[in-house]
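Student: predicted model and sequence follow; I will ask about them next.
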Amino acid sequence: MMRTISGWRRFLILVPLLFFLAHFFSVDQLHYNPRPVPNKQSKSNHLVVGPVPNKQSKFNHLVLGPAAGQGLTNRLQCQPQGIKAFSKTHFSTATATAPAPALDNIHFVTVFTLYNSTRPDDQLSNLVTVGNASYTKLERSMAILNVFVDFIQVAMPRSNVVILTDPASDLSMHRNGVTIYPIQGEYSRDKLMLQRIRSYIAFLETRMEEVSQNQGHIHHYIFTDSDIAVVDDLGHIFHDYPNFHLALTFRNNKEQPLNSGFIAVRGTPAGILRAKTFLQEVLKVYRSRYMKASRMLGDQLALAWVVKSHPSFDPKKFTKAQAFIEDIGGAAVLFLPCAVYNWTPPEGAGQFHGMPLDVKVIHFKGSRKRLMLESWNFFSASSDISDMLCLILKSGRTKYDF
């Protein structure tokens, strides 16, 4: 009799435990394994959605998690399951209410070079597949560059793209509105961030000569990394803020408040001159203080030093995501919040608290280049920018294989 009672007790203890485990795994699967969304145009170019990642893993397929910022009135709202947005309210009306004058033009400028592998086996061992395409390491770099151009031409079809590159690089791109502009320099991986500033300065010097000869045409410039997606028109910056010379993006980060992946320059003689002088000072600080960080972050540390060392500058302004203008060394510098003009997936889940409805630029920093290609594939099939942004918001916490 005692054995029978003991057995029943063990059974009664196990029942709640089994129920809890079943509920736990069902919720985990609901959060991280939503139903894959097929491509509307091609069965072979569908999204591949995989399981929840191990924290140490980098995945070769998208991993969807919960969307940050849900319930906040000024953040993108996504349906709990899948990647559908609740409303299609992303695009602002800035360009409709304040169209750019016909003589103004925007040039996006980026630095890009190719690092060729001499061993075919290295290329084959690094093959990655996105949608229905497979890429070697070299090919995926070009794919990212092409998607960079694709997003710009959709959001701002009147703009142009200028690619600053090593003259020794075997880079070619035959696309309308795209110019390859060779500039001599040191483009090795260890010195690329340093060379980027040099290339920006050299390019602005040539623009100074051109603007003096073409007084009637104004060409504004936006210098960016090539791993960004422009998802809304940026021309309003130059009209809503008519008194700045150059613009930087900031975030509430004590050590690295400025991100060098977005620098806008007004295309007037004064704007180009002040921007060139400002970047020359950044280059000087970079060389003297941050050469140990020449491969990564040195340019951002130098930018922050130049700005924060100015006597009248108050770093507390970086704590509020509101645009402001400051005089830095004779240049009127417009500071734009990263949350709108340089939004990144990991920070979207962190200090940005989701994705603002008026986000303009998505920056696929670090191991999120796969997400950039997957996002373009999804958008090119669906033409739905809001749903694409939900895809980015839900899958951006994960680090991918490239």
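Tutor: Cool, the structure landed.
Student: where does I362 land on pLDDT?
Tutor: Among the per-residue scores, I362 holds a pLDDT of 98.
Student: next, count neighbours for it.
Tutor: 27 (other Cβ atoms under 10 Å). Backbone N, C-alpha and C define where each C-beta goes, glycine included.
Student: tell me which element it falls in.
Tutor: Using DSSP states H and E, I362 sits in strand 361-363.
Student: now for that strand, which elements pack on it?
Tutor: Applying 3 or more Cβ pairs under 8 Å, 6 or more residues apart in numbering; DSSP states H and E, we find strand 361-363 packed against strand 228-230, strand 258-265.
Student: let's see that with 6 Å instead.
Tutor: Secondary-structure packing of strand 361-363 (3 or more Cβ pairs under 6 Å, 6 or more residues apart in numbering; DSSP states H and E): strand 228-230.
Student: just checking: what are the partner strands of the strand it packs on?
Tutor: strand 361-363 (antiparallel) (DSSP bridges).
Student: what about the very next helix or strand once past the partner strand, distance to the chain center?
Tutor: Where DSSP H and E defines the elements, the next helix or strand beyond strand 361-363 is helix 369-382. Relative to the chain's own centre, helix 369-382 is displaced by 13 Å; criterion: Cα atoms, centre = their mean, to the nearest Å.
Student: in helix 369-382, which residues are buried?
Tutor: 369-382 (16 or more other Cβ atoms under 10 Å).
Student: so which of those is the closest to S169?
Tutor: Nearest to S169 out of the buried residues of helix 369-382 is K369 (Cβ to Cβ; 19.2 Å).
Student: any idea how far the residue nearest to the closest one when sequence neighbours are not counted lies from A293?
Tutor: Nearest residue to K369, sequence neighbours excluded (Cβ to Cβ, 6 or more residues apart in numbering): F402, at 5.0 Å. According to Cβ to Cβ, to the nearest Å, F402 stands 23 Å off from A293.
Student: what's the answer for K365, then?
Tutor: From K365 to A293 the distance is 16 Å (Cβ to Cβ).
Student: rewinding a little: my read: the residue nearest to K369 touches R368, true?
Tutor: No. Using Cβ atoms under 6 Å, F402 makes no contact with R368, being 8.8 Å away.
Student: between these two, which has more neighbouring residues?
Tutor: More crowded of F402 and R368, by other Cβ under 10 Å: R368, with 24 against 21.
Student: can you pull the phi and psi angles for the more buried one?
Tutor: Per-residue torsions, R368: phi -130, psi 20 (degrees, to the nearest 10).
Student: what's near enough to touch it?
Tutor: P345 (Cβ atoms under 6 Å, 6 or more residues apart in numbering).
Student: quick one: low-confidence ranges for the stretch 251-400 of the chain?
Tutor: Within the stretch 251-400 of the chain, the set of residues satisfying pLDDT under 70 comprises 294.
Student: mind listing the strands for it?
Tutor: Shown for the stretch 251-400 of the chain, the strands assigned by DSSP state E, counting those that start in this stretch span residues 258-265, 324-328, 331-337, 361-363.
Student: what packs against the third one?
Tutor: I take that to be strand 331-337. Contact here means 3+ Cβ pairs under 6 Å, 6+ apart; on that basis strand 331-337 packs against strand 246-250, strand 324-328.
Student: let's go with 7 Å and repeat that
Tutor: With contacts taken as 3 or more Cβ pairs under 7 Å, 6 or more residues apart in numbering; DSSP states H and E, strand 331-337 sits against strand 246-250, helix 269-289, strand 324-328.
Student: endpoints of stretch 282-299, how far apart?
Tutor: 7 Å (Cα to Cα, to the nearest Å).
Student: with mean neighbour count and distance to P157 added, can I get the helices and strands packed on strand 331-337 in TSV?
Tutor: Formatted as TSV, those follow (neighbours: other Cβ atoms under 10 Å; distance: least, Cβ to Cβ, whole Å):
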stretch	mean neighbour count	distance to P157
strand 246-250	25	22
helix 269-289	19	24
strand 324-328	16	29
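Student: CSV for those, including distance to S169?
Tutor: Output for the helices and strands packed on strand 331-337, formatted as CSV (distance: least, Cβ to Cβ, whole Å):
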stretch, distance to S169
strand 246-250, 27
helix 269-289, 22
strand 324-328, 33
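Student: distance from stretch 288-300 to the middle of the chain?
Tutor: 21 Å.
Student: from start to finish, how long is it in a straight line?
Tutor: 14 Å.
Student: which residues does that stretch contact?
Tutor: 189-191, 193-194, 196-197, 256, 258-260, 286, 301-302, 305 (Cβ atoms under 7 Å, 6 or more residues apart in numbering).
Student: try it again with 10 Å
Tutor: 188-197, 200, 253, 255-261, 279, 282-283, 285-287, 301-302, 305 (Cβ atoms under 10 Å, 6 or more residues apart in numbering).
Student: just the buried ones from these, in ChimeraX syntax?
Tutor: To isolate the buried ones among the contacts of stretch 288-300 in ChimeraX, judged by 16+ other Cβ under 10 Å, type:
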select :191,192,193,194,195,196,197,200,257,258,259,260,261,279,282,283,285,286,301,302,305
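Student: before we move on, the earlier item: and the gap between the residue nearest to K369 and V361?
Tutor: Following Cβ to Cβ, the distance that separates F402 from V361 is 21 Å.
Student: before we move on, what SS does V109 have?
Tutor: Secondary structure of V109, reduced to three states by DSSP: H, G, I helix; E, B strand; the rest coil: strand.
Student: touching, it and I152? I think so.
Tutor: No. Look at V109 against I152 with Cβ atoms under 10 Å: they stay out of range, at 11.3 Å.
Student: overlap of the contact sets of the two?
Tutor: Joint contacts of V109 and I152 (Cβ under 10 Å, 6+ apart) are N160, V161, I222, T224.
Student: any idea how far Q153 is from the first one?
Tutor: Shown here: N160 relative to Q153, a distance of 10 Å by Cβ to Cβ.
Student: list the residues that contact both of these two?
Tutor: What both N160 and Q153 touch, as defined by Cβ under 10 Å, 6+ apart, is the set F108, N176, G177, V178.
Student: now do the contacts for the first one.
Tutor: Just to be clear, that refers to F108. With Cβ under 10 Å, 6+ apart, F108 has these contacts: 148-149, 152-153, 156, 159-163, 177-178, 221-224, 226, 228, 230, 234.
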